[in-house]
Every structure is written in structure tokens, then in C-alpha cells.
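Asks: got a predicted structure plus its sequence, pasted below:
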Amino acid sequence: MKAILPVAGYGTRLHPHTHHIQKSLLPIAGKPTLDFIVEPLLAHGIKDITFIVGHLGDQIRDYMKSFSGAFHFVEQKERLGLGHAVLQGLTDSDEPVLIQLGDTIFHADFMSFCSSDVNRIAVMEVDDPTRFGIVETEGNRVIALHEKPKYPPSNLAISGLYSFISERKLKEAIEYLIEQNIRTGGEYQLTDAMAFMLKNGNPFEVRKLDYYDTGVPATFLDTNRALLKSSHKEFSNCTIVDPVHIGIGCRIENSTIGPNVTIMSKCTIMNCTIENSVVLQGSALINQSFASRIVGGDGSEYC
Ligand code: G1P
């Protein structure tokens, strides 16, 4: 089974950090997000993974050297949308392909999700459907798809895991969008390619799967909280309220840390109170008090 992971985007919703860290490498619960995506795939025997890289793509290439598998890296030279990104990794093979977005984490049985006879989309009911691709269904069968509709006809959102029974059919659908210049929000959308496939007699089913989203600061911090396991040594004159992860080489004095805090390695933290936050590697924070932030540098870089 081949998988495609699109990790080319600018991650604008996580600025300023994504100016210099690829979005999928921002740490959650002590590890880069990508760990939480790649490890389950490898554990399910999905070792043939094509990464669609672009913005800060070398960081992905370097990072994946710590894993073993058949990894391929294809560059998306222009940011023309998710459909265009995925196309870079597709071939004319009639073999199945699994696609997982770089800002979604699933704890799922991937093999059961990828059945051989029907295309499948992971979905979840959401409160803010205008931020997602939306499906309309009859039972499990998809009857219509819309990318970020202004007036969503349902709250069943495409969450970021897709199984296609034929790479070629998806490739042809995206190529059609490009030939006809069919864009939504100015971009070639994967959702629009699926809508075209559906119209041409390729059925899709939905499966509701629990997932964790890391796409915007609020959901990123929710995911950090959900996945966090305590791991830290004790620091004198500090109160640590678990769960808290503190990486190696940190100096922490006169501070209250937690709950729900990840502090990556080599940070200096003095006279601070930090709650429900992620502090990036090498940060130096002095006399600060904050909650629900992703923080880097001297604390002035945050979202
Ligand atoms: C993309 C897809 C959208 C999907 C979403 C899930 O949008 O285009 O259909 O619902 O991912 O996160 P993006 O978040 O890249 O704007």
C-alpha cells in the first residue's frame, strides 16, 4: 500500500513559527507532529510513503532520515492547492493509494479503512463546517461534496484521511480540473476532484474516525493536551502540574509549569507561569506568564 503525505504548505495559520519550522515538524506532546502521522502508518506496514514537499521541504527530507521505509520526496513547485499537491505524487497505476494530510493525526485501523472495492473518506461532525470540505451522505454513501461552502449543507467534515482504489482515476480527475481550470478559492482542490469522480460513477463512502487536528493554534493546543504524557525531571524552586513534557538540556527556575505544557529541549525558563502551551526548542523566557500559546524565541514569537 502506497501513502501520500502532502506537507508542502506555508502553514500560515501557525505563523510566525512556520516561517522557519515546517508545519508538520512543529512539536506536539514532545515530538514533531510528523511522528504521530508516520509511526502509525509504518506500524500498519505502510512503508511506501511519498512526501509532497515545498516550503521548508529539506527539513522533512532530513527529519525522515531517522525512520526506515521506502520514502520518496516530490516537490510541489507552486502552491496551487491540495489537489495539485497530491497530483505530484500520483502515477498511472491502478493500485490503491492512501492520502493523509500533514496536520491530522489518526488512531485508526488503516488497513480496514483501505478496503479494495470502494473509495473512502474519513469524516467527523464539526462545529465550524465552513472551514472544511463537507460531504452530504445517504447512509455511508457520499452523494455530494463541497469545498469550504459558505452555507454548509451538513456538518460532516472531511478530516484528512482518504483511500482511493485507483491512483490513476484520482490522477485523471485532478488533471481534468487543471485542464478546465476548475478552482475553488483560487486552488485546485482534492474535494473537487472527488466530486468529479463521483459524478463519473466512482462511489465514495464515509467512515467516522476520531482524529486530532493541528491546523490552527487552538486545535494544535487541544491535540497537545490530548496526547501529552508526563515526562520530565524535577526542578528546584519550581511547581510542575502534570501532564507536562520537558525535553533535555532545559534550565528552569522559580516557575510554575502546567498543566498541559510541552517544553522542548534546551530552553531557559526563569520566573514564569506557563499553562496549556507548547514552548519550542531553545526558547529563553524570563518573567513571563501566559496560557494557551505556542511560543518560541524570547517569548515575543507566539500564536
Ligand atoms: C483541507 C481540505 C479540506 C479538509 C481539510 C481538513 O483544507 O481542502 O477539504 O476538510 O483540509 O483539515 P485546509 O485545511 O488545507 O484548508
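Replies: Arrived safely, thanks for sending. Numbers count the residues shown, from 1 in each chain.

Asks: on the pLDDT front, check the residue of the stretch 1-150 of the chain found nearest the ligand for me.
Replies: Proximity of the stretch 1-150 of the chain to the ligand (Cβ to the nearest ligand atom) peaks at Gly133, 2.3 Å away. (C-beta placed from N, C-alpha, C; glycine too.) Gly133 carries a pLDDT value of 98.

Asks: Asn119 - how many residues pack around it?
Replies: Per other Cβ atoms under 10 Å, the neighbour tally for Asn119 reads 21.

Asks: which one is it nearest to, not counting chain neighbours?
Replies: Once flanking residues are discounted, Asn119 sits nearest to Phe204: 4.6 Å by Cβ to Cβ, 6 or more residues apart in numbering.

Asks: quick check: that neighbour vs the ligand, distance?
Replies: From Phe204 across to the ligand, the span is 13 Å (Cβ to the nearest ligand atom, to the nearest Å).

Asks: and Pro217, its phi and psi?
Replies: phi -50, psi -40 (degrees, to the nearest 10).

Asks: so it makes contact with Ser277?
Replies: No - between Pro217 and Ser277 there is no contact under Cβ atoms under 8 Å: 10.1 Å.

Asks: any residues in contact with both of these two?
Replies: Contact criterion Cβ atoms under 8 Å, 6 or more residues apart in numbering; residues shared by Pro217 and Ser277: 292-294.

Asks: and which of these is nearest to the ligand?
Replies: Ile294 (17.4 Å).

Asks: bridging residues for that closest one?
Replies: Val278 (DSSP bridges).

Asks: which ones are touching it?
Replies: 14, 17, 26, 217, 220-221, 277-278, 280, 302-303.

Asks: show me which residues of the stretch 101-250 of the chain sit near the ligand.
Replies: Residues of the stretch 101-250 of the chain lying close to the ligand (Cβ under 6 Å from any ligand atom) are 101, 132-133, 147, 157-160, 189-191, 215.

Asks: CSV for the residues you listed, including neighbour count, distance to Ile240 and secondary structure?
Replies: Shown next, in CSV, are those (neighbours: other Cβ atoms under 10 Å; distance: Cβ to Cβ, whole Å; DSSP: H, G, I helix; E, B strand; the rest coil):
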residue, neighbour count, distance to Ile240, secondary structure
Leu101, 27, 34, coil
Phe132, 24, 37, coil
Gly133, 25, 41, strand
Glu147, 21, 44, strand
Ala157, 23, 36, strand
Ile158, 24, 39, strand
Ser159, 23, 34, strand
Gly160, 27, 33, strand
Gln189, 24, 45, coil
Leu190, 28, 43, helix
Thr191, 23, 44, helix
Gly215, 20, 29, coil
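
Asks: which of the residues you listed scores worst on pLDDT?
Replies: Gly215 (91).

Asks: got a list of contacts for the helix or strand of the chain with the lowest mean pLDDT?
Replies: Every helix and strand of the chain was ranked by mean pLDDT, DSSP states H and E. The lowest is helix 110-113, at a mean of 92. For helix 110-113, the external contacting residues (Cβ under 8 Å, 6+ apart) are 1, 40-41, 44-46, 98, 120, 122, 161, 163, 207, 209.

Asks: ok, now with 10 Å
Replies: Applying Cβ atoms under 10 Å, 6 or more residues apart in numbering, the contact partners of helix 110-113 are 1, 3, 40-41, 43-46, 98, 100, 106, 120-122, 161-163, 207, 209.

Asks: that older thread, hang on, isn't the residue nearest to Asn119 packed against Arg141?
Replies: Yes - here Phe204 reaches Arg141: they are 7.5 Å apart, a contact under Cβ atoms under 10 Å.

Asks: who are the contact partners of the nearest residue to Val295 once chain neighbours are set aside?
Replies: Distance criterion Cβ to Cβ, 6+ apart; nearest residue to Val295, sequence neighbours excluded, is Tyr302 at 4.5 Å. If you count contacts by Cβ under 10 Å, 6+ apart, Tyr302 has them with 16-17, 217, 277-280, 283, 288, 290, 292-296.
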